[in-house]
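>>> Following is a predicted model, sequence given first.
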Amino acid sequence: MMRSIYEKVLGDDFQKLHPRIQQRFGFCSHDKAASIGHGVMQRIWYNKLVAFPLFIGTFRHIMFPQGGRNIPFSIENFAYVDRFGRETVTWIRKFKFPRMVRHFDATMVYSSEREIIVDYLGNKQHLAVDLDISAAANGGIRIRSGEQRFYEGRLNFRFPNRFTGCAEVNEWYDDDEGCFKITVDVRNPMIGQIFSYEGTFQAAFIASEPEAIPVGIQPLREESRE
């Protein structure tokens, strides 16, 4: 039986996750399924000192310089094998502000050579981030970003830590409220917190053939360098 990319990196710790979290993070391309979530972000915040870099990121669907409260939200997780033969899971996040929809896209790829998950941010996979994934005490999953690399044609380099945003994502299931909860916190060593959001959502599974994933889900470009 084929395991999901998250089960591969967590090993036995995958069983420590809440059953609903196991379900959301336990499917792969062979299952021909997708997880579609809808909810509300109670709070989205950004640091105005980094408004311009975040604005540049909006063109590549990597964060955005906009905040608010009670913002409708959706997340689409499709599993497929990319053109390099890597098991991949999409993270298509949409935040429906009153006058526009903001995107934050990523594709998580399992590196069999390095035995880790690499998170390619944006719709063209320009930014590759190593992930540290662990089971939290509340049965949730914790995802922390590590080394970050930029790829654009022949140009490629590693970002110094002082110029990066180190992210921590926590997702868990609240039995009392009957919903998934998520917090995202991005910080820079010199500036401090630069971007964050927190909210709740419901998720449902749909049938999904990997070769028939809807337009706009997969990245416009796939990067082979991990």
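Great, that's in hand.
>>> now the strands for this protein?
In the chain, strands defined by DSSP state E lie at 33-46, 68-81, 87-96, 101-111, 116-121, 127-135, 141-152, 155-158, 166-174, 179-188, 192-207, listed in chain order.
>>> wait, which of the ones you listed is closest to residue 219?
strand 101-111 (5.6 Å; C-beta to C-beta). All C-beta spots, glycine's among them, are computed from the backbone N, C-alpha and C.
>>> Tell me which strands that closest one pairs with, and in which orientation.
The pairing partners recorded for strand 101-111 under DSSP bridges are strand 87-96 (antiparallel), strand 116-121 (antiparallel).
>>> Need these in JSON lines (columns: mean pLDDT, mean neighbour count and distance to residue 57).
Shown next, in JSON lines, are the strands paired with strand 101-111 (pLDDT from 0 to 100; neighbours: other C-beta atoms under 10 Å; distance: least, C-beta to C-beta, whole Å):
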{"stretch": "strand 87-96", "mean pLDDT": "97", "mean neighbour count": "20", "distance to residue 57": "13"}
{"stretch": "strand 116-121", "mean pLDDT": "96", "mean neighbour count": "23", "distance to residue 57": "9"}
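>>> got JSON lines for those strands, with distance to residue 43 too?
Shown next, in JSON lines, are those (distance: least, C-beta to C-beta, whole Å):
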{"stretch": "strand 87-96", "distance to residue 43": "12"}
{"stretch": "strand 116-121", "distance to residue 43": "22"}
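>>> confidence score at residue 62?
Here the pLDDT value assigned to residue 62 is 88.
>>> distance of it from residue 192?
Using C-beta to C-beta, to the nearest Å, residue 62 is found at 20 Å from residue 192.
>>> quick one, what contacts residue 217?
76, 78, 90, 92 (C-beta atoms under 8 Å, 6 or more residues apart in numbering).
>>> whoops, residue 141 was the one
6, 17, 21, 25, 133-135, 170-172 are the contacts of residue 141 under C-beta under 8 Å, 6+ apart.
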